[in-house]
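Novice: Next input, structure requested:
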Amino acid sequence: MEKIRRTKIVDLLQREDYGAQVCVKGWVRTKRGSKAVNFIALNDGSTIKNVQVVADVEKFDPEMVKLITTGACLSVVGEMVQSIGSGQNVEIQAQQIEVLGECPADYPMQKKGQTMEYMRQYAHMRIRTNTFGAVFRIRHNMAIAIHKFFHDRGFFYFHTPLITASDCEGAGEMFQVTTKNLYDLKKDENGQIIYSDDFFGKMTSLTVSGQLEGELGATGLGQIYTFGPTFRAENSNTPRHLAEFWMIEPEVCFIDLPELMDLEEEFIKYCVKWALENCKDDLEFLNKMIDKGLIERLQSVVETEFVRLPYTEGIKILEEAVKNGHKFEFPVSWGCDLASEHERYLVEEHFKKPVIMIDYPKDIKAFYMKQNEDGKTVQGTDVLFPQIGEIIGGSVREESYDKLMKRIEEMNIPMKDMWWYLDTRKYGSCPHGGFGLGFERLILFVTGMQNIRDVIPFPRTPKTADF
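Specialist: Okay, the predicted model is just below:
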């Protein structure tokens with residue numbers, strides 16, 4: 001008998017050639033039934049939907065049937081028939097069932113309401129659940145949308161280094177990379193570690209951002225984007241922080257502040273629209289099980305014009321809210337760095353739509369941001385979203401060598417390894433700008449999940465580097 005090739009369940013559920021012989025393979029979600037007939041819900045990860053396998057008990061070895069338990073892996077050959085039950089048009093009348101992998105009763109993902117925290121302990125198994133299958137299929141789709149958005153607009157995908165010697169964001173937040181024996185470190189007379197015999201001959205770390213190198217790429221290619229892992233050694237145990245996460249960082253030459261805001265808004269709307277159009281089944285599941293307002297919120301972002309709000313005006317609104325009795329945990333005054341609660345108040349309660357905040361005080365922003373003529377503020381842009389707070393941070397960059405050097409000196413930034421960055425301002429400097437989007441923050445928003453550890457397969461957080 002000719003071997004029947006496997007059909008993915010996502011494809012099978014679209015078919016209408018009833019009576020065809022088919023083969024499906026996947027994992028058992030549930031098994032129910034009577035002495036005469038078993039109904040097996042089978043899922044192979046290609047879709048949130050299961051296919052129902054109908055097995056007449058008398059046709060199969062009773063010992064084999066006992067092995068069909070939640071989590072077991074099966075290969076099923078049978079006839080594709082029209083389903084009379086609700087939900088789907090297709091089911092399979094089983095003719096052959098092979099148990100490819102048994103699953104004993106201590107399988108940690110048994111069908112019952114486990115907490116997200118419980119499932120994090122089994123991140124290697126949680127991927128098989130409906131919720132995490134939906135999240136990671138959406139994550140894939142968002143990655144595709146990002147590449148398509150930039151490619152269609154003539155951006156070049158630019159790979160920036162993961163190992164770097166530039167310490168522009170402060171050593172405290174960087175993971176060091178070394179081949180040295182940590183039990184036997186050579187030090188000089190001042191107690192400083194000698195790196196001359198290390199692999200790179202100098203102190204190196206994992207990157208916190210590809211932006212600075214991205215700026216170099218833009219000055220040769222016009223407009224680039226990076227999309228890769230970044231690392232922050234912040235001891236932050238919050239639902240919004242990871243030690244290892246993915247960043248998207250476009251950089252564009254000859255862009256001004258209004259054009260940068262246009263790009264940010266167009267980009268994020270494109271990604272959300274892509275999810276609505278390409279992840280319908282998964283979003284409907286998450287809307288039902290995780291966040292009942294999810295789809296409505298996603299549609300409102302696509303249809304709404306974002307507010308463009310100078311920082312100074314934003315502070316006035318927040319101060320007015322305090323006067324009218326609104327309680328914030330953190331105080332608000334001009335010059336303060338806004339907390340997530342402040343950002344969410346502006347977005348969720350005051351404007352009830354996303355906000356792009358601009359013209360921040362220079363003292364709370366990075367050294368490379370272009371200064372405004374008032375000498376006090378810079379052309380930074382933060383896109384603030386409901387439930388998330390800041391989802392994008394960007395700016396027009398300071399292209400003047402003298403102004404940049406002055407800022408670097410004011411902020412005591414160690415520039416010995418940054419000569420290459422300053423060269424872009426020395427040789428044919430140009431106006432340019434860009435932004436950074438934390439990929440996981442985007443996935444949080446699009447899935448309605450509440451904790452950033454649940455939108456990356458294997459989260460890296462303080463004291464946690466499992467799997």
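Novice: Low-confidence bits of the stretch 351-467 of the chain, can you list those?
Specialist: For the stretch 351-467 of the chain, applying pLDDT under 70 flags the ranges 417.
Novice: Packing partners of the helix or strand encompassing V76?
Specialist: In this assignment (DSSP states H and E), V76 forms part of strand 73-82. Here strand 73-82 touches strand 21-33, strand 37-43, strand 51-56, strand 90-101, going by 3 or more Cβ pairs under 8 Å, 6 or more residues apart in numbering; DSSP states H and E. For the C-beta atoms, the positions are set from N, CA and C on the backbone; glycine is no exception.
Novice: rerun that using 6 Å as the cut-off
Specialist: strand 21-33, strand 90-101 (3 or more Cβ pairs under 6 Å, 6 or more residues apart in numbering; DSSP states H and E).
Novice: now stretch 84-100, how far from the centre of its chain.
Specialist: Mean C-alpha position of stretch 84-100 versus that of the full chain (Cα atoms, centre = their mean, to the nearest Å) differs by 35 Å.
Novice: which residues are contacting that stretch?
Specialist: With contact meaning Cβ atoms under 6 Å, 6 or more residues apart in numbering, stretch 84-100 is reached by 13, 52-55, 67, 72-81, 83.
Novice: Also stretch 187-197?
Specialist: Residues contacting stretch 187-197 (Cβ under 6 Å, 6+ apart): 185-186, 202-203.
Novice: In CSV: the residues you listed, plus pLDDT, neighbour count and secondary structure.
Specialist: Shown next, in CSV, are the contacts of stretch 187-197 (pLDDT from 0 to 100; neighbours: other Cβ atoms under 10 Å; DSSP: H, G, I helix; E, B strand; the rest coil):
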residue, pLDDT, neighbour count, secondary structure
L185, 91, 12, coil
K186, 90, 12, coil
K202, 90, 11, coil
M203, 89, 17, coil
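Novice: And stretch 46-63, end to end?
Specialist: 29 Å (Cα to Cα, to the nearest Å).
Novice: Correction: the previous question concerned stretch 398-418.
Specialist: End to end - Cα to Cα - stretch 398-418 spans 15 Å.
Novice: got the contact list for that stretch?
Specialist: Against stretch 398-418 from outside (Cβ under 6 Å, 6+ apart): 165-167, 367-368, 370, 425-426, 429, 431.
Novice: could you flag which of those are buried?
Specialist: Among the contacts of stretch 398-418, those classed as buried by 16 or more other Cβ atoms under 10 Å are 165-167, 367-368, 370, 425, 429.
Novice: In JSON lines, list the residues you listed along with secondary structure and distance to Q379.
Specialist: Below are these laid out as JSON lines (DSSP: H, G, I helix; E, B strand; the rest coil; distance: Cβ to Cβ, whole Å):
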{"residue": "A165", "secondary structure": "coil", "distance to Q379": "28"}
{"residue": "S166", "secondary structure": "coil", "distance to Q379": "22"}
{"residue": "D167", "secondary structure": "coil", "distance to Q379": "24"}
{"residue": "F367", "secondary structure": "coil", "distance to Q379": "13"}
{"residue": "Y368", "secondary structure": "coil", "distance to Q379": "11"}
{"residue": "K370", "secondary structure": "coil", "distance to Q379": "5"}
{"residue": "R425", "secondary structure": "helix", "distance to Q379": "16"}
{"residue": "S429", "secondary structure": "coil", "distance to Q379": "16"}
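Novice: Identify the farthest-apart pair in the residues you listed.
Specialist: A165 and K370 (25.6 Å; Cβ to Cβ).
Novice: counting contacts, what elements does the helix or strand harbouring F150 pack onto?
Specialist: Element membership for F150, per DSSP H and E: helix 130-152. Using 3+ Cβ pairs under 6 Å, 6+ apart, the elements in contact with helix 130-152 are helix 257-278, helix 280-289, helix 439-447.
Novice: Just to be sure, V383 is in a helix?
Specialist: No. For V383, which was evaluated using DSSP: H, G, I helix; E, B strand; the rest coil, the result is strand, with no helix membership.
Novice: Now it: closest residue in space that isn't a chain neighbour?
Specialist: I392 (3.8 Å; Cβ to Cβ, 6 or more residues apart in numbering).
Novice: what's near enough to touch the one you found?
Specialist: Counted by Cβ under 6 Å, 6+ apart, I392 has contacts 264, 383, 435, 437.
Novice: Pretty sure it sits in a strand.
Specialist: Yes. The assignment for I392 by three-state DSSP puts it in a strand.
Novice: bridging residues for it?
Specialist: When assigned by DSSP bridges, I392 has beta-bridge partners V383, L437.
Novice: The one 4 residues further on too?
Specialist: With DSSP bridges applied, V396 shows beta-bridge pairing to G433.
Novice: show me what contacts it?
Specialist: 257, 370, 379, 433.
Novice: again with N287
Specialist: 294-295.
Novice: Give me the pLDDT for it.
Specialist: N287 is assigned 97 on the pLDDT scale.
Novice: Please apply the same query to the one 3 residues further on.
Specialist: Listed pLDDT for I290 reads 93.
Novice: and it, how many neighbours?
Specialist: 17 (other Cβ atoms under 10 Å).
Novice: Report the contact partners of it.
Specialist: Listed by Cβ under 6 Å, 6+ apart, the contact set of I290 reads G448.
Novice: Please verify my assumption that Y270 contacts F149.
Specialist: Yes. With contact defined as Cβ atoms under 6 Å, Y270 counts as touching F149 (4.9 Å).
Novice: Can you tell me which residue sits nearest the middle of the protein?
Specialist: E440 (2.0 Å; Cα atoms, centre = their mean).
Novice: List buried residues within the contacts of stretch 84-100.
Specialist: 13, 52-55, 67, 72-74, 76-78, 80, 83.
Novice: Among these, name the least confidently predicted one.
Specialist: Among the buried ones among the contacts of stretch 84-100, pLDDT bottoms out at S83, giving 88.
Novice: What separation do you get for that one and Y18?
Specialist: Distance of S83 to Y18, given as Cβ to Cβ, to the nearest Å: 10 Å.
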